[in-house]
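**Student:** Show me how the following folds:
(2 chains)
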Amino acid sequence: SQQGEEDPQALSIQEGENATMNCSYKTSINNLQWYRQNSGRGLVHLILIRSNEREKHSGRLRVTLDTSKKSSSLLITASRAADTASYFCATASGGSYIPTFGRGTSLIVHP
Amino acid sequence: ETGVTQSPTHLIKTRGQQVTLRCSSQSGHNTVSWYQQALGQGPQFIFQYYREEENGRGNFPPRFSGLQFPNYSSELNVNALELDDSALYLCASSLTAGELYEQYFGPGTRLTVT
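**Tutor:** Prediction:
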């Protein structure tokens, strides 16, 4: 079963716009991670946010975590065509640090 | 590019056959996890190896088995292949297990079962 669920399933924007993806999960988590995957290849780790953190930044990426709503969002500012990829959230919960992935958001950035 | 490599890149097998996939972890990493990713889905955790011992397993049948070697490279073996085993198989290495960690993924092996 998949703990995290991303929304929307697909997002199409123009270069320069911001892209926001959301992740909802069901049970309490230890941490939440966001990954990017290009064209069915390996995943690239973007950001890890711990359950006691509310916001983290990395370059053009901003991740928020709201444990009361069991949700997280990934914001990509000033998007570029190279940001076109699938984005996954992964959560680890209970006594496990093994991440469970959602189905992903497919982002297309048009030049 | 991470330091994680996988072989082969692509593989076509027939139902009922057996397959072995290989993964070399990033230097200094002692933990390897394997995932199965069906088309349009997120990766599903198969199992994890930490210092040559299985350290957790997902909801996969026993015909999915693995090994980790002293150099921390790893193999995934699948017996009695079924059509539904067609997927992208990803391995990921991390510095260690048992704590918050970042995983470094290889490019994957695409397995097609006919």
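
**Student:** what's stretch B:86-95 in contact with?
**Tutor:** By Cβ atoms under 8 Å, 6 or more residues apart in numbering or on different chains, the list of residues contacting stretch B:86-95 from outside reads A:40, A:42-43, B:3-4, B:6, B:21, B:23, B:25-26, B:28-39, B:43, B:72, B:74, B:76, B:101-106, B:108-113. Every C-beta, even on glycine, is put in place using the N, C-alpha and C of the backbone.

**Student:** Low-confidence bits of chain A, can you list those?
**Tutor:** A:1-3, A:95 (pLDDT under 70).

**Student:** Return the residues of it in contact with chain B.
**Tutor:** A:2, A:30-31, A:33, A:35, A:40-45, A:48, A:50, A:88, A:90, A:92, A:96-104 (Cβ under 8 Å from any Cβ of the partner chain).

**Student:** thinking again about what came up before, go through the contacts of stretch B:86-95 and flag which are in helices.
**Tutor:** Using DSSP state H, no member of the contacts of stretch B:86-95 falls in helices.

**Student:** Give the buried subset of the residues of chain A next to chain B as a ChimeraX selection command.
**Tutor:** To isolate the buried ones among these in ChimeraX, judged by 16 or more other Cβ atoms under 10 Å in any protein chain shown, type:
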select /A:2,30,31,33,35,42,43,45,48,88,90,92,97,98,99,100,101,102,103,104
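
**Student:** quick one: which of the residues of chain A next to chain B sit in strands?
**Tutor:** Among these, DSSP state E puts A:31, A:33, A:35, A:43-45, A:48, A:50, A:88, A:90, A:92, A:100-101 in strands.

**Student:** ok now do the residue nearest to the spatial centre of chain B, which residues does it touch?
**Tutor:** The centroid of chain B falls nearest to residue B:34 when counting by Cα atoms, centre = their mean (3.0 Å). By Cβ under 8 Å, 6+ apart, the contact set of residue B:34 is B:23, B:45, B:46, B:47, B:48, B:66, B:74, B:76, B:89, B:90, B:91, B:92.
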